[in-house]
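Peer 1: Structure for the following, please:
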Amino acid sequence: MAFTLDRRGHGRQRVNLLATLSRGREIFSCHVVELSEGGARIALAQEVPLDRGKVRLDAAELGARDAEIVWQKGAEIGLRFTATPKRATIADGIRPKTSRP
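Peer 2: The predicted model follows:
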């Protein structure tokens, strides 16, 4: 059995999310097929050669995420997220008390 080193810093999860990938004025339909905190593997609706660089992935379940293309094999593309989304915390839901006169 061969051992391969996974260079990703985050665990991956198989998903099936409808999304769009945009670069400038170009918008492509796609599916997110694997997802982690650090990136995603997507499948474009049709094969379109794209250079490495900055893109935006937008899915209803994820919101819009800035990313960069790190690899492409046919219609499949590997993305690395470039910004960490703000996580909601309990403190976000707590409002300071206002004193009543």
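Peer 1: continuing past the strand or helix carrying residue 32, what's the next helix or strand?
Peer 2: Assigned by DSSP states H and E, residue 32 belongs to strand 26-35. Next along the chain after strand 26-35, taking DSSP H and E as the criterion, comes strand 39-44.
Peer 1: rewinding a little: and the strand holding residue 32 with strand 39-44, angle?
Peer 2: 120 degrees (axes from the mean of the first three to the mean of the last three C-alpha atoms, to 10 degrees).
Peer 1: Could you name the helices and strands sitting against strand 26-35?
Peer 2: Strand 26-35 sits against strand 13-23, strand 39-44, with contacts defined as 3 or more C-beta pairs under 8 Å, 6 or more residues apart in numbering; DSSP states H and E. For every residue, glycine as well, the C-beta is placed using N, CA and C.
Peer 1: Let me see the mean pLDDT of the longest one.
Peer 2: So the one you mean is strand 13-23. If you average the pLDDT over strand 13-23, you get 96.
Peer 1: Sheet partners, orientation included, of that strand?
Peer 2: As defined by DSSP bridges, the strand partners of strand 13-23 come to strand 26-35 (antiparallel), strand 53-59 (antiparallel).
Peer 1: What residues of the strand holding residue 32 count as buried?
Peer 2: 28, 30-32, 34-35 (16 or more other C-beta atoms under 10 Å).
Peer 1: Counting neighbours, what do you get for residue 46?
Peer 2: Burial of residue 46 is recorded as 9 neighbouring residues (other C-beta atoms under 10 Å).
Peer 1: Find the nearest non-adjacent residue to it, please.
Peer 2: Using C-beta to C-beta, 6 or more residues apart in numbering and skipping residues adjacent in sequence, the residue nearest residue 46 is residue 75, 6.6 Å away.
Peer 1: Residue 27 now?
Peer 2: residue 20 (5.4 Å).
Peer 1: rewinding a little: could I get the strands paired with strand 13-23 as CSV with mean pLDDT?
Peer 2: Compiled in CSV, the strands paired with strand 13-23 are given as follows (pLDDT from 0 to 100):
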stretch, mean pLDDT
strand 26-35, 97
strand 53-59, 96
